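A.B. asks: Have a look at this prediction, sequence included:
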Amino acid sequence: MKLLLHTCCAPCSVYCIDLLRKEEIEPTVYWFNPNIHPYMEYKSRRDCLKEYTKSINVEAIFEENYGLKEFCKNVIDDLENRCKNYCYSVRLEQTAKYAKENGYTHFSTTLLVSPYQNHQALIEVAEKMAKKYGVEFLYRDFRVGFRVGQTKSRELGLYMQKYCGCIFSEESRYNCHKSEIPKLPDDFEFLPVKKSIVIKKEKDNKEQYMDLLLEADSSKEIIQDYLQTGELFVLTYKGEVACVAVVTKVDENTCELKNIATIEKYRGQGYGKKMIKYLFDNYKQRYNKMLVGTTENNIPFYVKQGFNKYEKTINNFFVDNYKEEIWDGDLHCIDMYYYSKDLKRK
C-alpha cells in the first residue's frame, strides 16, 4: 500500500500517523488546505506540520494554495453547507487527484480524527472522489484517538489552533460560548488518555545522569560543582529518561539554567522545549529572571524559547575553564554568551 494522507494540521496528524505506523502503513503527508485563513493562521499550521513531520521522519508534500478569495466566492451563497460542499470536496478531490497522478494506491485524511467534523459527510465525499479518480479511499475512524492525539500534541508543544480553519469558523469561535461535539454512535468510546511525559525533580543520586549531562558540558568537575547546589529535573517519556536539566541560584532575583541535555533518539521532538517551559513555570514563583549561558551556535534556539534579552559575553570562557578545546560542530568555542528570560512577564 502506498498511502497519501491529506493533513489539515500537526495535532490532528499525531494519532493518525501513530495508528497507521502500528499497522505498518507508512503514510506520505499531503498539505493542501486553501480553506484556512487568515494567512498567519495558515502559515502557523503549515510550519508546525513541517517541523513535526521532519521530527518523526515522515515524508511530507506541501502544495501551497492560500485560497481566501476563491473560498469566499464559492461559499458565500451557502455558508451553512460550506464544509461538505466546498471545504471537504476541494481538499479531498485534490488529494485523490494527486494520489492518482503520482502512483499512490490509497488516500485518506486526518479530518477523520475530529469529532467536531461531519464524519459521514467526509466519508461520502472521499468515496465520491475515490470513484472519480480511480484510487482507493482508506477509511479509519480515527476519532477514538482524538483525545490521545491532542494530549500528545500539547506535551510536544505543537501549535494548537482555536478553530476549524476558515474565517467563518473563526467567527463562530466568538459567537458561540461552547462547541458541541456532534452526536456520536451510541457505542462510541474515546481511547483512554495516559500521560506519557512526566517531569520531576530528582533529589537523590543526581550523578546517575552524568553521562547525559556530559553531552552538554564536557567537564565532569564543573558539572559536579553545580550539581551540589543546583536542582536537577528529569523528563521521562513512557517511563524512559528523555531529557535532564540543572538550574542553580545566582542571587535572590535570578536563577540560571546550567545544563539541559536530551537523549539522541529524542532530539528534535520538542522535549527540550517542553522542559524549558516547565522550568519557567516552576521558577517564576521564586525568581524574576532566568539566565542561560551558551555557545554562538545555540543562541537562536534559546532566543526562540524565550531567552530573548542579551546580558553579557564572557570572553575566553571555554579557554579559561576547560582543559581541552571545546567544539560545537564546526565551531571552536571561545566565548560564552549570556541571555535571560523575564519570568514575570507574560
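C.D. replies: In hand now; what should we look at?

A.B. asks: How is this protein divided into domains?
C.D. replies: 3-175, 197-342 (automatic domain parsing).

A.B. asks: For the stretch 151-300 of the chain, which segments count as strands?
C.D. replies: Per DSSP state E, counting those that start in this stretch, the stretch 151-300 of the chain carries strands over the ranges 197-202, 231-237, 240-249, 254-262, 289-294.

A.B. asks: Over to the stretch 1-150 of the chain?
C.D. replies: With DSSP E, counting those that start in this stretch as the criterion, the stretch 1-150 of the chain has strands spanning 3-6, 27-31, 60-62, 106-109, 136-137.

A.B. asks: Just put the ones you listed in TSV and tack on mean pLDDT.
C.D. replies: Shown next, in TSV, are the strands of the stretch 1-150 of the chain (pLDDT from 0 to 100):
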stretch	mean pLDDT
strand 3-6	98
strand 27-31	98
strand 60-62	98
strand 106-109	98
strand 136-137	98
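
A.B. asks: Including mean neighbour count and distance to Tyr337, could those strands go into a markdown table?
C.D. replies: C-beta coordinates here come from the backbone N, C-alpha and C atoms, glycine included. Below are these laid out as a markdown table (neighbours: other C-beta atoms under 10 Å; distance: least, C-beta to C-beta, whole Å):
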| stretch | mean neighbour count | distance to Tyr337 |
| --- | --- | --- |
| strand 3-6 | 24 | 42 |
| strand 27-31 | 24 | 36 |
| strand 60-62 | 15 | 34 |
| strand 106-109 | 25 | 45 |
| strand 136-137 | 18 | 53 |
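
A.B. asks: Rebuild these as JSON lines, extending it with distance to His332.
C.D. replies: JSON lines is the format used below for the strands of the stretch 1-150 of the chain (distance: least, C-beta to C-beta, whole Å):
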{"stretch": "strand 3-6", "distance to His332": "44"}
{"stretch": "strand 27-31", "distance to His332": "39"}
{"stretch": "strand 60-62", "distance to His332": "36"}
{"stretch": "strand 106-109", "distance to His332": "49"}
{"stretch": "strand 136-137", "distance to His332": "55"}
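
A.B. asks: Go through the ones you listed and name the closest to Val198.
C.D. replies: Smallest distance to Val198 across the strands of the stretch 1-150 of the chain (C-beta to C-beta): 28.9 Å, for strand 27-31.

A.B. asks: Mind listing the strands the closest one pairs with, and their directions?
C.D. replies: Sheet neighbours of strand 27-31, with direction, are listed as strand 3-6 (parallel), strand 60-62 (parallel) (DSSP bridges).

A.B. asks: Need these in TSV (columns: distance to Phe168).
C.D. replies: What follows is the strands paired with strand 27-31, written out as TSV (distance: least, C-beta to C-beta, whole Å):
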stretch	distance to Phe168
strand 3-6	21
strand 60-62	24
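
A.B. asks: residues touching Thr7, list them.
C.D. replies: 13, 16, 29-31, 49, 60, 109-110 (C-beta atoms under 8 Å, 6 or more residues apart in numbering).

A.B. asks: Report the buried residues of stretch 329-344.
C.D. replies: 333, 336-341, 343 (16 or more other C-beta atoms under 10 Å).

A.B. asks: Please apply the same query to stretch 297-316.
C.D. replies: Of the residues in stretch 297-316, those buried (16+ other C-beta under 10 Å) are 298, 302-303, 305-307.

A.B. asks: what about it, start to end distance?
C.D. replies: 16 Å (C-alpha to C-alpha, to the nearest Å).

A.B. asks: Also stretch 63-74?
C.D. replies: Counting by C-alpha to C-alpha, you get 20 Å between the two ends of stretch 63-74.

A.B. asks: Likewise for stretch 209-221?
C.D. replies: Using C-alpha to C-alpha, the end-to-end distance of stretch 209-221 comes to 14 Å.

A.B. asks: Would you map the helices across the stretch 201-346 of the chain?
C.D. replies: 210-213, 220-229, 271-283, 299-305, 317-321 (DSSP state H, counting those that start in this stretch).
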